[in-house]
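K.L.:
show me the folded form of this:
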Amino acid sequence: MALSTSLNSLCTISKASPSKNPMIFNLLKTPSLKTHLKVNPIFKPSSLSLFTQPTKLRYKTQNPQSSTTIRSLFTGIVEEMGEVKQLGMADHGGFDLKILAKTVLEDVHLGDSIAVNGTCLTVTEFDTHLGEFTVGLAPETLRKTSLSELESGSLVNLERAIQPTGRMGGHFVQGHVDGTGEIVGKDVEGDSLWIKVKVHESLLKYVVPKGFIAVDGTSLTVVDVFEKELCFNFMLVAYTQQKVVIPLKEVGQKVNLEVDILGKYVERLLSSGFVDSFKPS
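P.N.:
The predicted model follows:
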């Protein structure tokens, strides 16, 4: 089958696997973290390349997590898959993620927003000659997304924020991850791949058959919703399988999820009594 060829080619790419770095997970369990994070010195570093020394890059700026005024919009059409070069503690007390990339660096500027596996992050450093850029990660970002599972060599979906003159190829994606889901099934049909994801019921209520959802930043169409199993599924065609990281993940791994914001707006309006205000008295 055509799919077997596609999957064989994918096998040559390093697969994303859950990070076993105890330092990161120690931070994830601490919801009341202060600005200066404290790490238990008894933990030994894992395969992650930690920033033990300042990295010399040409462009630098402040930690993006200090600003909450950035507003960006994405389409869920992945531009390229980047490779994680480093993930670890930075000298400013937070976490930095350094990624090797090409396409998203063509017109990059400091402060630009790039979606990394569907998470809107801000470029704090970049070097076009080395083909790499750095983004900052707040502890809350690590807790709410699957980025804590990344390690050196992991592949990530990348998309630059859309420009007003660009095409709207997917749907409105904010890059604000609502939560994570767990891959519970992968099945082949022809040259396509079925993916089944289990999600918390608080998010499943926003997922509807034939509706939009962003999975690791990829705009996808939901096929079916399984209420009793708290699951939904979608299908990846052969072309998409070659362009995004989802097929590289194994059953049991996490994916970032962002539901269609229209559903949340409708829920908000209904709960606020907005509809009742139009009823005749």
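
K.L.:
which SSE is residue 121 in?
P.N.:
strand 119-127 (DSSP states H and E).

K.L.:
how far does stretch 76-94 stretch from start to finish?
P.N.:
Across its full length, stretch 76-94 reaches 27 Å end to end, with CA to CA, to the nearest Å as the criterion.

K.L.:
I meant stretch 81-100, not that one.
P.N.:
Termini of stretch 81-100 sit 9 Å apart (CA to CA).

K.L.:
flag the shaky bits of the chain, pLDDT-wise.
P.N.:
Along the chain, the model assigns pLDDT under 70 to residues 1-71, 166-168, 275, 281.

K.L.:
go again with 90.
P.N.:
Residue ranges of the chain with pLDDT under 90: 1-73, 88-95, 138-140, 162-172, 261-281.

K.L.:
so which bits of stretch 128-143 are buried?
P.N.:
The neighbour-count check on stretch 128-143 (16 or more other CB atoms under 10 Å) flags 132-139, 141-143 as buried. Every residue, glycine included, has its C-beta placed from N, CA and C.

K.L.:
now whatever helix or strand comes next after the strand holding residue 121: how far from the chain's centre is it?
P.N.:
Downstream of strand 119-127, the first helix or strand assigned by DSSP H and E is strand 132-137. Between the centre of strand 132-137 and the centre of its chain there are 14 Å (CA atoms, centre = their mean, to the nearest Å).

K.L.:
mind listing residues that contact strand 132-137?
P.N.:
55, 57, 63-65, 85, 87, 90, 92, 94-101, 104-105, 108, 114, 116, 121-127, 147 (CB atoms under 8 Å, 6 or more residues apart in numbering).

K.L.:
tell me what angle it forms with strand 119-127.
P.N.:
Interaxial angle of strand 132-137 relative to strand 119-127 (axes from the mean of the first three to the mean of the last three CA atoms, to 10 degrees): 140 degrees.

K.L.:
partner strands of strand 132-137 and their direction?
P.N.:
Applying DSSP bridges, strand 132-137 is found paired with strand 95-100 (antiparallel), strand 119-127 (antiparallel).

K.L.:
returning to what we had before: Throw together a ChimeraX command that grabs the buried residues out of the contacts of strand 132-137.
P.N.:
Buried members of the contacts of strand 132-137, defined by 16+ other CB under 10 Å, are picked up in ChimeraX with:
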select :55,63,64,65,85,87,90,92,94,95,96,97,98,99,101,104,105,108,114,116,121,122,123,124,125,126,127,147
